[in-house]
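**Student:** pasting the sequence and the predicted model now:
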Amino acid sequence: MAVIAVTGSTGFVGRAAVEKLLSDGHQITSLIRTPRMADTFSPNQHFKMVDFADPELLTEALLGADAVIHIAASLSMTSTSKELEE
């Protein structure tokens, strides 16, 4: 099966997507900003720390992936339209 890199895997939608992908036999690499949630991952799930603002580090983190699923978002109840566009 495919090696799939997933952003946003610590969120509600991301966790459900990862569970489905794992049950389908895919190898998952979660791209995360902070290690605080890494201990909640499935034993079959790998993770890499990524600074999404650094193109070189992001490119390196994606090496070996057959596909990328981008679910990550930075939202809050107080996000403005301008912040969401960025």
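**Tutor:** That came through, no problem.
**Student:** shaky segments in this protein?
**Tutor:** Scanning the chain for pLDDT under 70 picks out 37-38, 40, 74-86.
**Student:** tell me which residue is most central in it.
**Tutor:** For the chain, the residue whose C-alpha lies nearest the mean C-alpha position (C-alpha atoms, centre = their mean) is residue 7; its distance is 1.9 Å.
**Student:** what about the residue lying closest to that one once chain neighbours are set aside, neighbour count?
**Tutor:** Of all residues beyond its chain neighbours, the one nearest residue 7 is residue 72 (3.7 Å), with distances taken as C-beta to C-beta, 6 or more residues apart in numbering. Every residue, glycine included, has its C-beta placed from N, CA and C. In terms of burial, residue 72 registers 17 neighbours under the definition other C-beta atoms under 10 Å.
**Student:** who are the contact partners of residue 72?
**Tutor:** Going by C-beta atoms under 8 Å, 6 or more residues apart in numbering, residue 72 touches 7, 8, 11, 14, 31, 52.
**Student:** out of the residues you listed, who's nearest residue 68?
**Tutor:** The shortest approach to residue 68 among the contacts of residue 72 belongs to residue 7, at 7.5 Å (C-beta to C-beta).
**Student:** just the strands in this protein please.
**Tutor:** With DSSP state E as the definition, the chain shows strands at residue ranges 3-7, 27-32, 45-49, 67-70.
**Student:** orientation of the third one relative to strand 27-32 in degrees?
**Tutor:** I take that to be strand 45-49. Strand 45-49 runs at 30 degrees relative to strand 27-32, counting by axes from the mean of the first three to the mean of the last three C-alpha atoms, to 10 degrees.
**Student:** beta partners for residue 30?
**Tutor:** Bridge pairing for residue 30 (DSSP bridges) gives the partners residue 6, residue 47.
**Student:** right, and it touches residue 44 too?
**Tutor:** No. Taking contact to mean C-beta atoms under 8 Å, the distance of 11.3 Å between residue 30 and residue 44 leaves them out of contact.
**Student:** look at those two and report which has more neighbours.
**Tutor:** residue 30 (23 against 12).
**Student:** quick one: residues contacting the more buried one.
**Tutor:** Contacts of residue 30 were listed using C-beta under 8 Å, 6+ apart, and they are 5-7, 9-10, 14, 18, 38, 41, 45-48.
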